[in-house]
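A.B. asks: with the input below, show me the fold.
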Amino acid sequence: MTNQSNILREVPIFTELNDEDLNLIMEMTVRRAYPKNTMIVIEEDRGDTLYIIESGSVKITRHDEEGREIIPAILGHAEFFGQIELDVVETVDTTMVVLVPESGDDIQLMKAGILEIADVITINKSDREGAGRLQHLLEQLLVSKGNDSPWKTLVCQTSATHGDGIEKLGELLESHRAYLEKSGRQEHKRRQRARQKVELLVAREVLADFWNQDRRDALDTGLDTIPPYELARTILDIP
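C.D. replies: Numbering: from 1, shown residues only. Presented below is the predicted three-dimensional model:
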């Protein structure tokens with residue numbers, strides 16, 4: 001495997017993927033280098049890009065009401081950030097979000113659209129102080145946001161160390177599976193996954209034929225001087 005695929009293997013959400021699926025993801029990745037202090041993503045932006053850190057670090061910041069900078073986290077190698085919520089919703093049967101009391105990033109996750117995509121939310125390490133408060137806050141936010149879907153997001157507490165709440169979590173997941181089957185959503189999602197995989201395979205073959213040496217040279221030459229959309233049009237016009 002290449003260094004890039006080894007890094008993907010270290011990312012928690014990809015650790016269980018087989019080589020074929022990992023290679024498909026590799027086809028969609030683009031390596032980018034950012035100068036120090038570059039602002040990559042702005043809070044409240046909506047996007048479809050997942051950023052995985054190969055080297056260096058990324059500081060996650062926000063500002064309080066008085067304008068003071070707050071740093072909830074500093075991310076490093078093989079950690080990720082960005083928003084991929086639409087892709088997640090369409091390609092998995094059940095989206096479960098795991099939060100931890102006193103993690104410091106629960107409010108930021110909610111702002112990033114977590115409540116909109118979660119089918120089930122579990123608060124792990126429920127023996128920690130603040131678990132009950134976090135559950136109450138989540139349930140209040142879910143009610144205040146409203147939801148036109150027949151399925152209403154459910155919240156529970158678990159402790160992986162002590163085994164508490166695991167049975168209850170299993171019941172919630174089974175309840176959502178039954179809802180998907182009855183509503184037809186499960187079949188829709190499975191067809192969508194199959195469609196996306198076929199599209200990726202086709203795109204990989206088409207791109208392999210598309211990138212002749214002239215087009216690659218034009219890309220390398222224009223990256224630093226030509227705006228992306230103009231450069232793309234120029235490359236498409238090359239025979």
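A.B. asks: can you list the domains in the chain?
C.D. replies: According to automatic domain parsing, the chain comprises the domains 1-83, 84-183, 188-236.
A.B. asks: which of those sits most buried?
C.D. replies: With neighbours defined by mean count of other CB atoms under 10 Å, none of the domains of the chain is more surrounded on average than domain 84-183, at a mean of 15. In short, each C-beta sits where N, CA and C put it, glycine included.
A.B. asks: residue ranges with poor pLDDT in the protein?
C.D. replies: The model of the chain has pLDDT under 70 over residues 1-5, 12-13, 15-16, 43-48, 64-65, 83-91, 102-114, 145-147.
A.B. asks: try it again at 50.
C.D. replies: Applying pLDDT under 50 to the chain flags residues 1, 86, 105, 111-112.
A.B. asks: can you pull out the helices in it?
C.D. replies: 3-10, 19-28, 85-91, 106-111, 114-117, 131-145, 166-183, 185-210, 213-222, 228-236 (DSSP state H).
A.B. asks: out of the ones you listed, which is closest to His63?
C.D. replies: helix 106-111 (12.2 Å; CB to CB).
A.B. asks: distance of Glu167 relative to Val202?
C.D. replies: As judged by CB to CB, to the nearest Å, Glu167 and Val202 stand 44 Å apart.
A.B. asks: try Leu223
C.D. replies: Separation of Leu223 from Val202 (CB to CB): 26 Å.
A.B. asks: closest one to Trp151 among the helices of the chain?
C.D. replies: Here helix 166-183 is closest among those (CB to CB), at 5.3 Å.
A.B. asks: so what touches the closest one?
C.D. replies: 93-94, 96, 119-120, 122, 150-151, 154, 156, 158, 160, 185-186, 189 (CB atoms under 8 Å, 6 or more residues apart in numbering).
A.B. asks: swap the cut-off to 7 Å and go again
C.D. replies: Applying CB atoms under 7 Å, 6 or more residues apart in numbering, the contact partners of helix 166-183 are Asp93, Thr94, Asp119, Val120, Thr122, Pro150, Trp151, Leu154, Cys156, Thr158, Gln186.
A.B. asks: now the last one: closest residue in space that isn't a chain neighbour?
C.D. replies: Same thing as Gln186. Residue nearest to Gln186 in three dimensions, not counting chain neighbours: Leu180, with 3.7 Å by CB to CB, 6 or more residues apart in numbering.
A.B. asks: one more: the fourth one?
C.D. replies: Counting by CB to CB, 6+ apart, Val120 lies nearest to Met96, which is 4.6 Å off, once chain neighbours are set aside.
A.B. asks: would you agree the one you found is in contact with Thr122?
C.D. replies: Yes. With contact defined as CB atoms under 7 Å, Met96 reaches Thr122; the gap is 6.4 Å.
A.B. asks: quick one: the residue nearest to Gln186 from Arg68, how far?
C.D. replies: To Arg68, Leu180 is 44 Å away according to CB to CB.
A.B. asks: and what of Val98?
C.D. replies: Taken as CB to CB, the span from Val98 to Arg68 is 29 Å.
A.B. asks: bridge partners for Lys123, pull those for me.
C.D. replies: Actually, residue 123 is Ile. It isn't Lys. Legend: beta-bridge partners of Ile123 under DSSP bridges are Leu99, Gln157.
A.B. asks: any idea how far it is from Lys152?
C.D. replies: Counting by CB to CB, the gap from Ile123 to Lys152 is 17 Å.
A.B. asks: Asn23 now?
C.D. replies: Separation of Asn23 from Lys152 (CB to CB): 38 Å.
A.B. asks: what's the answer for Gln140, then?
C.D. replies: On the measure of CB to CB, Gln140 and Lys152 end up 14 Å apart.
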